[in-house]
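> I need the structure of the sequence given here:
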Amino acid sequence: MVRDQAQRDSLVARLSRIEGQLRGIGRMVREPKPCIDILQQLAAAEAALARASHAVFKLHVEYCVPQAIAQGGGAHGKQLKELVDIFDRRAR
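Okay, the predicted model is just below:
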């Protein structure tokens, strides 16, 4: 969970821009625009989504995992397993 309001606002703004990019790509397909133009916009949207994913991943590693470890109990094991699962999914 993103607890810092500034980080949350930044992430929401980033995702809103990506959403706008995707709507624009949909319009390009409907118009229709040249495939190369659509592919360029898709690549830009993919890169923007990857940056958003990286930002959330970084927050998870910097805040969520250390908090779970500090709390002790079984929570840290679950957080670490989730971290490994995320690495696996990102590697595909």
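> alpha carbons only for contacts and neighbour counts from here, please
Will do.
> buried residues, stretch 8-26. List them.
Leu11, Arg14, Leu15, Ile18, Gln21, Leu22, Ile25 (16 or more other CA atoms under 10 Å).
> save those as TSV, and put in distance to Ile38 too.
Formatted as TSV, those follow (distance: CA to CA, whole Å):
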residue	distance to Ile38
Leu11	25
Arg14	20
Leu15	20
Ile18	15
Gln21	11
Leu22	10
Ile25	6
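> take those residues and keep only those in helices.
Leu11, Arg14, Leu15, Ile18, Gln21, Leu22, Ile25 (DSSP state H).
> need the max-distance pair from the residues you listed.
The distance between the two most remote of those (CA to CA) is 21.1 Å, for Leu11 and Ile25.
> spatially central residue for this structure, please.
Ser53 (2.1 Å; CA atoms, centre = their mean).
> in terms of helices and strands, where is it?
helix 35-59 (DSSP states H and E).
> does anything pack onto that helix? Which helices or strands?
Packed against helix 35-59 by the contact rule (3 or more CA pairs under 8 Å, 6 or more residues apart in numbering; DSSP states H and E) you find helix 5-30.
> quick check: angle from the helix it packs on to helix 35-59?
160 degrees (axes from the mean of the first three to the mean of the last three CA atoms, to 10 degrees).
> and helix 5-30, what does it pack against?
helix 35-59.
> so which bits of the helix it packs on are buried?
For helix 35-59, by 16+ other CA under 10 Å, it's Ile38, Gln41, Ala45, Ala48, Leu49, Ala52, Val56, Leu59.
> contacts for it next, please.
Val2, Leu11, Arg14, Leu15, Ile18, Gln21, Leu22, Ile25, Met28, Val29 (CA atoms under 8 Å, 6 or more residues apart in numbering).
> what about the closest residue to the fourth one other than its chain neighbours, distance to Gly72?
Nearest-residue entry for Leu15: Ala52, 7.3 Å, with adjacent residues in sequence omitted and distances by CA to CA, 6 or more residues apart in numbering. Distance check for Ala52 against Gly72: by CA to CA, to the nearest Å, it reads 29 Å.
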